[in-house]
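Undergrad: Dropping the sequence and predicted coords here.
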Amino acid sequence: MKMEALDWCIEALALFDTCLNSYCFYYVQKTFNINQCMNYILCIDSSLTAIVSLLIFVTNLIKIPPTPLFCSLVTLSLLIVSSLFVNYNFILAYIRYKRIWTSMSSMTIWKTEKQLIKVTNFSLIFTTILLVSMIIFNAHFDWRLISLYNQCMGSTEIAITGLTVYSIRLVITICTVVLDTKSLLLVRTYKNKPKISSTTNGILTETPCRATLLNCGIFLFSVIYIPIAVSYGEFLKLAMLGQLIVYLVKSPFIIFLTFRVNRTNARLNQEDRRHKEFEEAKKKRTERFSRV
């Protein structure tokens, strides 16, 4: 009865996550400029999350017997979003920090949006190839290097490799938090200085630092949750449940904060334009009086 309730919970969450993240993908496409790297990442994240949630729903509903191919697909679906989530959070934090730093110091353009989108696509392709290769070799040679795969195949063996991967993710997450904290401190330090007042509006168009900090906290929750799931058995089911809870909050909250920041930025830009028009009119008036 307990397992049946857990299955129902997973299926309900997976279906809801699929619908919610599909809407998030549509909303980003409709509302934001996806030619900007940070909005482009939102599209990839929400679309992949919707696909993975749908795959979890289907596999849990159909009750397919465990085979190397089936377990490989399940393992990939559970690892791809979490792995890219960590990579993309770090990319977002690094881009934000570099842009703020260059705008505060030399006022020069760091990289174009096209260059940053290429880096984003490379990260997507590289992470996918790495995960697929690792899962294929693990299944073909029966190396039992991935705990999720082992659980799916009916083994309770815990792989040390998985613990190593989680440790690496934790280090990347900590680096992301450090970069975001530095970005927040830079903005708060320099935002009132006249020489950089025109650059702070541009910073606000990007995904807010608070969103990445929040999602780092969500990932830390998943890092803590998975060892607990291991200790209580049924690791695969509890891992699915934990991932689906994260998917429920992750994309919608980032998009919500991005919308708020973009709306604030539009208001500030309007005020900035009015101030410039006022200053220009004042200057022309002074020049006319000086000629008389």
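TA: All right, it came through fine.
Undergrad: what about the helices in the protein?
TA: 2-31, 37-62, 68-105, 113-141, 147-152, 160-190, 197-204, 209-231, 235-291 (DSSP state H).
Undergrad: Check which helices and strands the first one sits against.
TA: The helices and strands touching helix 2-31, judged by 3 or more Cβ pairs under 8 Å, 6 or more residues apart in numbering; DSSP states H and E, are helix 37-62, helix 235-291. In short, each C-beta sits where N, CA and C put it, glycine included.
Undergrad: I'd like the helices of the chain laid out as TSV, including mean neighbour count.
TA: Conversion of those to TSV gives the following (neighbours: other Cβ atoms under 10 Å):
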stretch	mean neighbour count
helix 2-31	16
helix 37-62	21
helix 68-105	20
helix 113-141	14
helix 147-152	24
helix 160-190	16
helix 197-204	17
helix 209-231	17
helix 235-291	15
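Undergrad: In terms of mean pLDDT, which of those ranks lowest?
TA: Within the helices of the chain, confidence is poorest for helix 197-204, with a mean of 48 (mean pLDDT).
Undergrad: circling back: redo the helices and strands packed on helix 2-31 as CSV? Include distance to residue 69.
TA: What follows is the helices and strands packed on helix 2-31, written out as CSV (distance: least, Cβ to Cβ, whole Å):
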stretch, distance to residue 69
helix 37-62, 12
helix 235-291, 16
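Undergrad: With respect to residue 212, which of those lies nearest?
TA: The closest approach between residue 212 and any of those, judged by Cβ to Cβ, belongs to helix 235-291 at 7.9 Å.
Undergrad: I'd like to check the angle between the closest one and helix 37-62, please.
TA: Between helix 235-291 and helix 37-62, the angle formed by their directions is 160 degrees, by axes from the mean of the first three to the mean of the last three Cα atoms, to 10 degrees.
Undergrad: So what angle separates the directions of helix 235-291 and helix 2-31?
TA: For helix 235-291 and helix 2-31, the angle between their directions (the same axes, to 10 degrees) works out to 20 degrees.
Undergrad: Counting by contacts, list what helix 235-291 packs against.
TA: For helix 235-291, where contacts count as 3+ Cβ pairs under 8 Å, 6+ apart, the packed elements are helix 2-31, helix 37-62, helix 68-105, helix 147-152, helix 197-204, helix 209-231.
Undergrad: how about these in CSV, adding distance to residue 237?
TA: Listed next are the helices and strands packed on helix 235-291 as CSV, based on distance: least, Cβ to Cβ, whole Å:
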stretch, distance to residue 237
helix 2-31, 6
helix 37-62, 8
helix 68-105, 11
helix 147-152, 9
helix 197-204, 42
helix 209-231, 8
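Undergrad: among those helices, which is nearest residue 186?
TA: Ranking those by distance to residue 186, with Cβ to Cβ as the measure, places helix 68-105 first at 5.0 Å.
Undergrad: follow-up on the earlier one: so which of the helices and strands packed on helix 235-291 is nearest residue 141?
TA: When these are compared for distance to residue 141 using Cβ to Cβ, the nearest one is helix 68-105, at 10.7 Å.
Undergrad: chain center to the closest one: distance?
TA: Relative to its chain's centre, helix 68-105 lies at 6 Å (Cα atoms, centre = their mean, to the nearest Å).
Undergrad: I'd like to know which elements that helix is packed against.
TA: When contacts are defined as 3+ Cβ pairs under 8 Å, 6+ apart, helix 68-105 packs onto helix 37-62, helix 113-141, helix 147-152, helix 160-190, helix 197-204, helix 209-231, helix 235-291.
Undergrad: Please identify which of the helices and strands packed on helix 235-291 is closest to residue 112.
TA: Nearest to residue 112 among these is helix 37-62 (9.3 Å), distances taken as Cβ to Cβ.
Undergrad: so the closest one versus helix 113-141, what angle?
TA: 30 degrees.
Undergrad: For helix 37-62, name the packing helices and strands.
TA: With 3+ Cβ pairs under 8 Å, 6+ apart as the test, helix 37-62 has helix 2-31, helix 68-105, helix 113-141, helix 235-291 packed against it.
Undergrad: so what secondary structure elements neighbour the third one?
TA: By that I understand helix 113-141. The criterion is 3+ Cβ pairs under 8 Å, 6+ apart, and the helices and strands that helix 113-141 contacts are helix 37-62, helix 68-105, helix 147-152.
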